[in-house]
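J.: predicted structure and sequence below. I'll ask about it afterward.
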Amino acid sequence: MRQAWRSLTDPVRLCQKFYISTVSREGVVSCDRLRLFVRAGNGGQGLQRFNGVGGNGGDVIMVGDPKMTFETMLKKAKGRVLKVQAQSGTNSSQTALVGSNGKPKILNVPVGVDVVNTETKLLVARCSRPLFSYKIARGGRGACAENCFQATTGEQFFVDLHLKLHPNIGLVGFPNAGKSTLMKALVPDKRIKIASYPFTTVKPQIGYINHFKSESESADDDDDSFSMSIADLPGLIEGAALNRGRGRDFLKHLEFSDILLMVVDVLGFKLDLSFSNPYRTALETVALLNIELEKYDPALVKKPTIIALNKIDLLNDQQKVDEFISILKKKNWSEMLPEEIRPSRPLFIKAVIPIAARDRRLGNLKKELKLIYKRTHPLSAPNFGSAKKTVLA
């Protein structure tokens, strides 16, 4: 059993190596974007008199390198725009009628980054496959009869490299819901800033849950080596999917998460005292967060989600807690909300757990996280039935 868990936690340990080299010692992602100027090579001039052909310009290519870290690229840029330029094709001449093609510029980037055109905001490439080449900018064509001996210039534009975290658990919630307090309770050894005002967390941060056994469990349990990474993101607000409050910069870190852990204040939420931001109940909070996730990427609402109903220590009404849990356990829970805040694709809610993160009373939250991960990442037994028998001399 211990060997099986080790194979299950190998991806987590690989993620830990990736994060250690990408984020600060405190686990805070200080920078998750890098701007580059890419310029492909121009096509070479032709020699029409002798039907000479110019060489083609080189392309700008990015390769997903498992050994490359975002931190290395940031150090290389030194706070400036990193210029990536391919070689232009050579001109045709009487001694060399066919010009040489320009050499492509190959840039190694961390696996998992997105390349986005700065001006158009369109995705150019998603470098998700290790050692796979992605053409970012196409080189110009050399002068020849087909283009009336008019060489073309290579593509050139600004792009942003977006780093996206790959946590097992993604913490999501409105400001001041208690996400950082919960993360501190889950990862006691981590230094986390906690305050009573909203927007305490201003940058994503990563931690690792290593202890899943409760005091009642036996000491010979085989889950000692089990570990999960968790990402605490800054609080979202209504309109986050439209980048209000830099929401898109934070939501992108949920795309590769295995489980969503939605922290909801049992007392409800109100951003400020203005009339433009009305008070929201705990149920309305879930619905509004559901809408923001759905608008950003419908795939997010399909992820297994745990609702952590926080701050129950401040509420002396167990009936209200039980009512909230019973509503969310129903498949049609969204139909109980007004139409204007009713999500069209309800969350895939696996559990609703009341907690008091400040007092580190988490109920069976850790047990549920581990159970859901095991169900979504089952261990498959090796099949030796089709293996050929060999005789060792």
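T.: Great, that's in hand. Residues are numbered from 1 along each chain as shown.

J.: grab the most central residue of the chain for me.
T.: residue 253 (2.8 Å; C-alpha atoms, centre = their mean).

J.: for residue 118, see how far away that residue is.
T.: As judged by C-beta to C-beta, to the nearest Å, residue 253 and residue 118 stand 20 Å apart. Quick note: C-beta positions are derived from backbone N, CA and C, even for glycine.

J.: with residue 153 instead?
T.: From residue 153 to residue 118 the distance is 19 Å (C-beta to C-beta).

J.: likewise for residue 264?
T.: Counting by C-beta to C-beta - residue 264 and residue 118 are separated by 36 Å.

J.: could you do residue 345 as well?
T.: Taking C-beta to C-beta, one finds residue 345 at 31 Å from residue 118.

J.: repeat for residue 286
T.: Counting by C-beta to C-beta - residue 286 and residue 118 are separated by 35 Å.

J.: so which of these two has more stuff around it?
T.: residue 286 (28 against 14; other C-beta atoms under 10 Å).

J.: need the three-state assignment for the more buried one.
T.: helix (DSSP: H, G, I helix; E, B strand; the rest coil).

J.: OK, contacts around it?
T.: Applying C-beta atoms under 8 Å, 6 or more residues apart in numbering to residue 286 gives the contacts 262, 264, 307, 328, 347.

J.: the last one touches residue 305, doesn't it?
T.: Put plainly, it is residue 347. Yes. Residue 347 is in contact with residue 305 according to C-beta atoms under 8 Å; the separation is 4.8 Å.

J.: give the residues shared as contacts by the two.
T.: 260, 262.

J.: quick check: phi and psi on the residue of the chain most remote from its centre?
T.: In the chain, counting by C-alpha atoms, centre = their mean, residue 49 sits farthest out from the average C-alpha position, at 55.8 Å. Torsion angles at residue 49 (phi, psi; degrees, to the nearest 10) stand at phi -60, psi -40.

J.: so the residue nearest to residue 363 when sequence neighbours are not counted, which of the three states?
T.: Spatially, and ignoring its direct neighbours in sequence, residue 363 is nearest to residue 353 (5.1 Å; C-beta to C-beta, 6 or more residues apart in numbering). With three-state DSSP as the basis, residue 353 sits in strand.

J.: which ones are touching residue 353?
T.: 306-309, 362-365, 368.

J.: and the buried ones among those, selectable in PyMOL?
T.: Buried residues within these, by 16 or more other C-beta atoms under 10 Å, are selected in PyMOL with:
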select buried, resi 306+307+308+309+362+365+368
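
J.: picking up where we left off before, can you list the contacts of residue 286 in a markdown table and add distance to residue 68, pLDDT and secondary structure?
T.: Formatted as a markdown table, the contacts of residue 286 follow (distance: C-beta to C-beta, whole Å; pLDDT from 0 to 100; DSSP: H, G, I helix; E, B strand; the rest coil):
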| residue | distance to residue 68 | pLDDT | secondary structure |
| --- | --- | --- | --- |
| 262 | 33 | 97 | strand |
| 264 | 38 | 96 | strand |
| 307 | 38 | 97 | strand |
| 328 | 42 | 93 | helix |
| 347 | 35 | 94 | coil |
